[in-house]
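Student: sequence and predicted structure below; questions after.
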Number of protein chains: 2
Amino acid sequence: MRESAILIALGGNAITREGEEGTVEQQFRNTERTMQELVRGIRGRYQRVVLTHGNGPQVGNIVLRSELASSYIYPLPLDTCVSDSEGGMGYMFQQVLFNILHRQNLPERVVCVLTQVVVSREDPAWQNPTKPIGRFYSEEEARKMMAERGWIMREDAGRGWRRVVPSPQPLEIIELAAVRALLEDDFIVIAAGGGGIPVVRDEHGCLHGVEAVIDKDLASAMLASQLGIGTFVILTGVERVALDYRKPTQRFVPQMTVSEAEKYLSEGQFPAGSMGPKIQAAIRFLRGGGDVVIITAPENFTEALAGETGTRIVPD
Amino acid sequence: MRESAILIALGGNAITREGEEGTVEQQFRNTERTMQELVRGIRGRYQRVVLTHGNGPQVGNIVLRSELASSYIYPLPLDTCVSDSEGGMGYMFQQVLFNILHRQNLPERVVCVLTQVVVSREDPAWQNPTKPIGRFYSEEEARKMMAERGWIMREDAGRGWRRVVPSPQPLEIIELAAVRALLEDDFIVIAAGGGGIPVVRDEHGCLHGVEAVIDKDLASAMLASQLGIGTFVILTGVERVALDYRKPTQRFVPQMTVSEAEKYLSEGQFPAGSMGPKIQAAIRFLRGGGDVVIITAPENFTEALAGETGTRIVPD
């Protein structure tokens, strides 16, 4: 199915616009606009479609609600927060896509698969948690949370103390067979939301949720590779990848090879918190046999598929 | 697939035990015990298995967290709360079942489908909301919420004011085709959690979430009928259905016909809040062509399948 199959990873800006509060109503409205554009681009071109998505603000708010209410109701572990966000966001995508397909008289076949992604207890990320999550605390509160709940917390640029969690590498997608079965039955499949629900395998191979978050682009690259998908699109806040980003010498890159991408990455061209993991994900996908990666903004999707904008990364 | 197919609807006591706080850890532990028993009963007997489940305490807590945090973060509409609970609980079932199947060297094919269930705007339930949801408020707070958010609230037996929402009849299961496709591919499918995410269709047939909850047994009966499943099991807090419940003349019913069930229901034998909707669901399923309904407690599942306990309801 390689050439007729596409995986599209949606970044936060496909769902929430800068300056908005990000209410559920706003999320539905923005998602509608994004999905219109995606259906326009896909229609007639791709037979097999997988959507993945970030969940930063949504899971952050679930964690926040859990913390704010924790003197009244039991708190939620982070794996449960991620699964709640996969439910809430998966529902939104299912409904918005159903409606667009319905209006265009296309088969309304769209379904979300709650996805567990295995990470390792031996991953070095456990020694160095980097992902901030939840609300800001005073130093006194933070010391209490660290003692009582075993959290690791860091002072965040004068804004207070905040919990940090590890972001280990994705190793295995538990629901891969379900995603594949649904794709082969012509469903658009939403999967690996928020990078997937983080789990580890114990010595018997059984699964257990862990307190971590998984990078959604790395999880998406693995999912695309394992499904034998040819095209991997990463939708983000920029139309094209830039070199010398925000410097006087800044220039946009319409196309690069995977070796060039590796070289730029090692030169520090792509910051760790934003473009870095996307380029890393692109490299893994192409080194794993993928055909092409396209990085662009949601509103440029169709043009980018046609090669008119976006950044294409291709095998050497 | 009629005879080899079973749909099992899990009640709250399959997940949370009386007297417990109902933390996520406790939910996983209780679910593990329930699923052990289910796999024991199903193994070798049924080829197609659908699980549905209630979500009362879980969605109640999501609503509560949303309300408690609403001065800090945007509140969640009820359809989103239900979808969050389908995510969180679906994940739990997927993981617990995966581990049990794994330990028994069975194929670990289990997946949850987020399920939208259509209700009608014309349903009489909208005129008479009956399902209490969320926290208790003072009269003053309640008047404010009614004015500001359009809620309908009722004074609840001296305990304060509480929001009530309608519980309209399920009419259509949007993700039916996905559930069927996965069943035919030998997955155990978790669906229609909490009775499904409540939606209405507008004049163009497009879907929109609404503020309602759907009875999980009625939604389960519809799902079982539409999938052509022969056996529908309702797991609840009692081993057998009783007549003259909690009266000196109380007696348990090992078996009844659908006509007998209709007669007892019309005589007021089964209270509206508990056994009533289960008997109603059983009647609809059997009148729609189902083979048998079994009502029993989770721990009696295997015995009840063998006809040694539980209440069987059968066609006339």
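Tutor: Okay, I see it. All of these numbers come straight from a predicted model, not from anything done at the bench.
Student: does A:Val293 touch A:Arg284 like I think?
Tutor: No - proximity of A:Val293 to A:Arg284 does not meet the contact threshold set by Cβ atoms under 8 Å, at 9.9 Å. In short, each C-beta sits where N, CA and C put it, glycine included.
Student: show me which of the two is the more surrounded one.
Tutor: A:Val293 (29 against 21; other Cβ atoms under 10 Å in any protein chain shown).
Student: which SS state does that one fall under?
Tutor: In three-state terms, and counting by DSSP: H, G, I helix; E, B strand; the rest coil, A:Val293 is strand.
Student: got a list of what it touches?
Tutor: Going by Cβ atoms under 8 Å, 6 or more residues apart in numbering or on different chains, A:Val293 touches A:231-234, A:281-282, A:285-286, A:312-314.
Student: could the residues you listed go into a markdown table alongside distance to chain B and pLDDT?
Tutor: A markdown table is the format used below for these (distance: Cβ to the nearest Cβ, whole Å; pLDDT from 0 to 100):
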| residue | distance to chain B | pLDDT |
| --- | --- | --- |
| A:Thr231 | 24 | 98 |
| A:Phe232 | 23 | 98 |
| A:Val233 | 23 | 98 |
| A:Ile234 | 24 | 98 |
| A:Ala281 | 24 | 98 |
| A:Ala282 | 29 | 98 |
| A:Phe285 | 25 | 98 |
| A:Leu286 | 29 | 98 |
| A:Arg312 | 33 | 98 |
| A:Ile313 | 32 | 98 |
| A:Val314 | 34 | 98 |
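Student: what about these, which are in helices?
Tutor: The members of those that map onto helices under DSSP state H are A:281-282, A:285-286.
Student: where does A:Met1 land on pLDDT?
Tutor: We have a pLDDT of 65 for A:Met1.
Student: now A:Asn99: phi and psi?
Tutor: phi -60, psi -40 (degrees, to the nearest 10).
Student: okay, the residue nearest to the spatial centre of chain A and A:Leu76: tell me how far apart.
Tutor: Among the residues of chain A, the one closest to the centroid is A:Lys216, at 2.8 Å (Cα atoms, centre = their mean). If you measure A:Lys216 against A:Leu76 using Cβ to Cβ, to the nearest Å, the figure is 20 Å.
Student: show me the beta-bridge partners of A:Leu51.
Tutor: A:Ile8, A:Ile190 (DSSP bridges).
Student: that one reaches A:Ala14, doesn't it?
Tutor: No - using Cβ under 8 Å as the test, A:Leu51 is too far from A:Ala14 to be in contact (9.7 Å).
Student: which residue ranges of the stretch 1-150 of chain A form helices?
Tutor: A:24-42, A:56-68, A:78-103, A:139-149 (DSSP state H, counting those that start in this stretch).
Student: among the ones you listed, which is nearest B:Ser225?
Tutor: Taking Cβ to Cβ, helix A:78-103 is the member of the helices of the stretch 1-150 of chain A nearest to B:Ser225, at 22.3 Å.
Student: ok, and for the closest one, which residues are buried?
Tutor: A:78-102 (16 or more other Cβ atoms under 10 Å in any protein chain shown).
Student: then stretch A:278-298?
Tutor: A:278-286, A:290, A:292-298.
Student: of the contacts of A:Val293, closest to A:Tyr264?
Tutor: A:Ile313 (10.4 Å).
Student: bridging residues for that closest one?
Tutor: A:Met256, A:Val293.
Student: and the gap between it and A:Thr249?
Tutor: 21 Å.
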